[in-house]
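Trainee: Sequence below, structure please.
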Amino acid sequence: MQIPDALRIDANLRIAHAMSWTAAQAGDHPSRLLHFPWRDNPYPTYRRLRTQGPFTTSRLGFRTANTYEAVSGLLRGREFGVQPPGDAALPPQFDVMDLSFLMQDPPEHTRLRKLARPAFSPRRMGEYEAEVAKVTHELLDRAATRGRFDLMRDFAQPLPIAVISRLLGVPASEDAEFVRIGQAMGSALDGARSASHLRRIHQATAQLDLLFTRLMRQRRADPRDDVVSTLVSQVDEGHLTEAELRTMCRLLLVAGFETTVNLIGNGVMALLRHRRQWERLVSDPSLAPNAVEEVLRFDSPVQMTSRWVHTDTTVQGQPLNRGGYAMCLIGSANRDPARFTDPDRFDITRADAADHLSFSSGIHYCLGAPLARLEGRIALRALAERLPHLRPTARPTRRPTTVVRSLAAFPVTTGAR
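Mentor: You can find the predicted model right below:
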């Protein structure tokens, strides 16, 4: 990045930040979601937005979809897409990284998703289950020995990285680098904050592409039973380009890392803050699958996504015109009292917890949802069975992100007696 470009980007980002901060200070609730302190606990802001109706238009011009029905309508409707129609475009600070079919509409979305689907087949899930359990218990063995540990650094982060590494066929020696790259790329979901942040995103992307290029070369010479080997064969048969393979692996890393890390972190935090729910899970670990669903509903790892309006239409009585853009507030939809009874209550026995929208919906429903659920179920059950006296030793700290709701650190003790 040339210095004049960096200065221009920094100037534009400072202006955008100042505009949204000024709007937030003046009571613009959509803008408040982008800033501390509202960002750290967005649920009161979501509540206020829902009182304004299914949609709210920010003073900065973008819309938010606030209710379960509005968010569901945008995620499922064929009138909406992830790509802008015509001459519309995202602000440059948000167009920083290609994440394969996550950022594509049909027919390209359909083609690429079909090629990735075998990685999450029922047969693969059965194979991953043993690996998830093995890694989970190895990590908890070390935690139990220490007595005090950081839930994020020592458990929530290394678990999904180890699993996604094995899924892709990346050597275990690369796991630590994978965590660093995954966090840098995950931060891109909020858009670039500065020229230096954009540079870090591009550097992480380039490093990951080099890793996958090297892995592709190895798998051509020595094919194995992993996702990269399968995708390399698709490249050689002309169904996929090498660039498409790299962006697909990039998506699998970011999605596979962020969702599960934050499912575990947010879940354990919610359980330990609601001690009776933790004790209920400890006394009956078979509740772990429904506990995962309630965690996803109560404190979703991904708080929002976006949709462009491709065709003039109406949702919940609100006209939406082609070329319009809306932020779908998943975290707000999952706490909508019109859909969930007493939605601010955390209850791992909630009967309809799985009706959340945390894995999106429609054609962009998260392909990796079965793996995230599997990892979450095994992780929460193992923690409850092996560390029943688990307690925090300090307040958890958060990453400064909006799209992804994530803890940076969570000191805990096994509380062994």
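Trainee: list the contacts for the closest residue to residue 178 other than its chain neighbours?
Mentor: Nearest residue to residue 178 in three dimensions, chain neighbours excluded: residue 161, at 5.0 Å (Cβ to Cβ, 6 or more residues apart in numbering). For every residue, glycine as well, the C-beta is placed using N, CA and C. By Cβ atoms under 8 Å, 6 or more residues apart in numbering, residue 161 lies in contact with 175, 178, 179, 182, 257.
Trainee: Just send these back as a markdown table, with pLDDT, neighbour count and distance to residue 124 too.
Mentor: Output for the contacts of residue 161, formatted as a markdown table (pLDDT from 0 to 100; neighbours: other Cβ atoms under 10 Å; distance: Cβ to Cβ, whole Å):
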| residue | pLDDT | neighbour count | distance to residue 124 |
| --- | --- | --- | --- |
| 175 | 71 | 16 | 20 |
| 178 | 73 | 23 | 19 |
| 179 | 73 | 18 | 23 |
| 182 | 72 | 23 | 21 |
| 257 | 79 | 23 | 18 |
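Trainee: Tell me which of those residues fall in helices.
Mentor: Judged by DSSP state H, the subset of the contacts of residue 161 located in helices is 175, 178, 179, 182, 257.
Trainee: Report the residue spans of this structure with pLDDT below the cut-off.
Mentor: Scanning the chain for pLDDT under 70 picks out 1-6, 9, 87-99, 101, 187-188, 190-193, 416-417.
Trainee: before we move on, what SS does the residue nearest to residue 178 have?
Mentor: Following DSSP: H, G, I helix; E, B strand; the rest coil, the label given to residue 161 is helix.
Trainee: can you start the count at 72 instead of 1 from here on
Mentor: Will do, 72 is the new start, and the previous item becomes residue 232.
Trainee: where does it sit relative to residue 453, distance-wise?
Mentor: To residue 453, residue 232 is 17 Å away according to Cβ to Cβ, to the nearest Å.
Trainee: likewise residue 371?
Mentor: From residue 371 over to residue 453 (counting by Cβ to Cβ), the distance is 22 Å.
Trainee: try residue 265
Mentor: Distance, residue 265 to residue 453, by Cβ to Cβ: 40 Å.
Trainee: Settle it for me: which of these two has more neighbours?
Mentor: residue 453 (20 against 15; other Cβ atoms under 10 Å).
Trainee: Leaving out sequence neighbours, find the closest residue to the more buried one.
Mentor: residue 207 (4.9 Å).
Trainee: residues contacting that neighbour?
Mentor: 230, 449, 450, 453.
Trainee: I'd assumed residue 209 was in contact with the first one.
Mentor: The reference is to residue 230. No. Contact status for residue 230 versus residue 209: not in contact, 9.5 Å apart, counting by Cβ atoms under 8 Å.
Trainee: More neighbours: which of these two?
Mentor: residue 230 (24 against 13).
Trainee: Now do the helices in the stretch 222-371 of the chain.
Mentor: In the stretch 222-371 of the chain, the segments counted as helices under DSSP state H, counting those that start in this stretch are 222, 229-239, 246-257, 266-292, 298-307, 313-344, 346-354, 359-369.
Trainee: Quick one: list the elements packing against the shortest one.
Mentor: In this case it means helix 222. helix 313-344 (3 or more Cβ pairs under 8 Å, 6 or more residues apart in numbering; DSSP states H and E).
Trainee: If I take the helix it packs on and helix 298-307, what angle do their directions form?
Mentor: Put simply, helix 313-344 runs at 150 degrees to helix 298-307, going by axes from the mean of the first three to the mean of the last three Cα atoms, to 10 degrees.
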